[in-house]
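Trainee: Build me a structure from this.
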Amino acid sequence: MDSLGRVNVFVLLRRNLDVDQWSEGFTKEENPDVVPYGFHNAAALNCNISYSNPTPSRFFVRAATFVLKFDVLHVLANWRRMRQADIVWTMTEIEFMAVRFLETLFLAPKIPLIGQVIWLFSNWSNYGWLRRKLIMKLLRDTSIITVHSQSNLAIVKELVPEIDARLMRFGVSTESFPLSPPTGGSDSGPIRIFAPGGDKTRDWRALCAAFGNDDRFEVIVAIRHLRLDVIAGHRNFKAAESLSVEGFRHEYSRADFVAIPMVANPYSGITVALEAAACGAPILSSNTGGVPTYFNETEVLFVPPENPDAMRSAALTMNAAQRRAMAQRAQARFVRDEYTSKAMARRYVELSDQILAAGRSARAG
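Mentor: You can find the predicted model right below:
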């Protein structure tokens, strides 16, 4: 801590995230928060926040990360600054496992750390015995493991029951996505569906099979690196006009449904669901990933994953009044459980206080 008793936090971001560039993007409405994940909000909660510097992503770096499944070279580049902090915050396992690996390699004291798991267990069955052993050791060496979904929490507790694993609810910026009264859309004309998202769990095949070339629906797709095959051959599909924050707000406000089609997974869909709920848009989601952690079946219209017939049928079951009522329930849940980036920063601070207090108690004992 500094002389004023403020906690020195080092946020270890992914290697490609540059906080200065991100902040410039925020002023242009390209990014939803001043810094990634809104961690700047912790500065108002007795914390000094510093961030990792980005590092180049060369071929040998990508190869090393692919083999190890964590990014030791990025952590090495930020090692000196990171070791001066009271605690390290991470958002993915790629960073925090690299910290624990290097501490073991260098016989360095273990710095207090919040380790976030997102993708780690999606390919667990493909990992060899040695990799699994290493990963489990690194997990055990971490102060607290956090996850954004109940599905991932169950996996962690089953595989490594002795570690302290907790649900860390994610949050989105209500400055960029302010709470807006749900309208439920319209009962006239085609059902307007907005489908944003770009990660590998998105089931574009199911979306196209459910709604493609069906004039009862109009589908707006927003993918940052749009693959033309997603919309090619579907006369009622088109790309969103703008991928800016303003563009997303505009599409959320006009949507009869925000669709989150996913293949089965334990983590995905959370960001879009929270943005949609804040903006008052009704949500139609595959019943998988992280969305069921944040909303129940009265707040989101859930359908089985990878089932386009169920998705199409579900979209036809609700009128505007029913969609509005569902969106109102989702937004009330959003407010009650504080699904904001500001609240997530506060949760990180509260968890840090617990970790640091436990460390002081252990040293005193």
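Trainee: Next up, the contacts around the closest residue to Ile231 other than its chain neighbours.
Mentor: Nearest in space to Ile231, with sequence neighbours left out and distances taken as C-beta to C-beta, 6 or more residues apart in numbering, is Phe237 at 4.0 Å. Any C-beta I mention is one placed from the backbone N, CA and C, and that applies to glycine too. Neighbour list for Phe237: Cys208, Phe211, Gly212, Val219, Val221, Val230, Ile231 [criterion: C-beta atoms under 8 Å, 6 or more residues apart in numbering].
Trainee: So which of the residues you listed belong to helices?
Mentor: Cys208, Phe211, Val230, Ile231 (DSSP state H).
Trainee: Relative to Gly25, which of these is nearest.
Mentor: Val230 (24.4 Å; C-beta to C-beta).
Trainee: I figured the closest one was touching Trp204, is that so?
Mentor: Yes. Using C-beta atoms under 8 Å, Val230 is in contact with Trp204, at 4.9 Å.
Trainee: ok, the two, which is more surrounded?
Mentor: Val230 (20 against 16; other C-beta atoms under 10 Å).
Trainee: dump the residue contacts of the more buried one.
Mentor: Counting by C-beta under 8 Å, 6+ apart, Val230 touches Trp204, Cys208, Val221, Ile223, Phe237.
Trainee: Would you point out the most distant pair within these?
Mentor: Cys208 and Ile223 (12.9 Å).
Trainee: Between those two, point out the one with more neighbours.
Mentor: Cys208 (22 against 18).
Trainee: and the nearest residue to that one once chain neighbours are set aside, how many neighbours?
Mentor: Once flanking residues are discounted, Cys208 sits nearest to His234: 6.0 Å by C-beta to C-beta, 6+ apart. By the criterion of other C-beta under 10 Å, His234 has 17 neighbours.
Trainee: re the thing from before, now tell me which of the ones in helices among the contacts of Phe237 the prediction trusts least.
Mentor: Minimum pLDDT for the ones in helices among the contacts of Phe237 is recorded at Val230 (72).
Trainee: re the thing from before, name the nearest of the contacts of Val230 relative to Ser180.
Mentor: Nearest to Ser180 among the contacts of Val230, with distances taken as C-beta to C-beta, is Val221, at 21.9 Å.
Trainee: for the closest residue in space to that closest one that isn't next to it in sequence, helix, strand, or coil?
Mentor: In space, and not counting its chain neighbours, Val221 is closest to Ala195: 5.2 Å by C-beta to C-beta, 6+ apart. Under DSSP: H, G, I helix; E, B strand; the rest coil, the three-state class of Ala195 is strand.
Trainee: Surely Ala195 and Leu207 touch.
Mentor: Yes. If you go by C-beta under 8 Å, Ala195 and Leu207 touch, sitting 5.8 Å apart.
Trainee: Overlap of the contact sets of these two?
Mentor: In contact with both Ala195 and Leu207: Val219, Val221, Ala259, Pro261, using C-beta under 8 Å, 6+ apart.
Trainee: which phi and psi does the last one have?
Mentor: Same thing as Pro261. phi -80, psi 130 (degrees, to the nearest 10).
Trainee: got a list of contacts for the helix or strand Phe96 falls within?
Mentor: Per DSSP states H and E, Phe96 falls inside helix 93-106. With contact meaning C-beta under 8 Å, 6+ apart, helix 93-106 is reached by 12-14, 65, 68-72, 74-76, 79, 82, 88, 90, 108-111, 113-120, 134-135, 137-139, 141-142.
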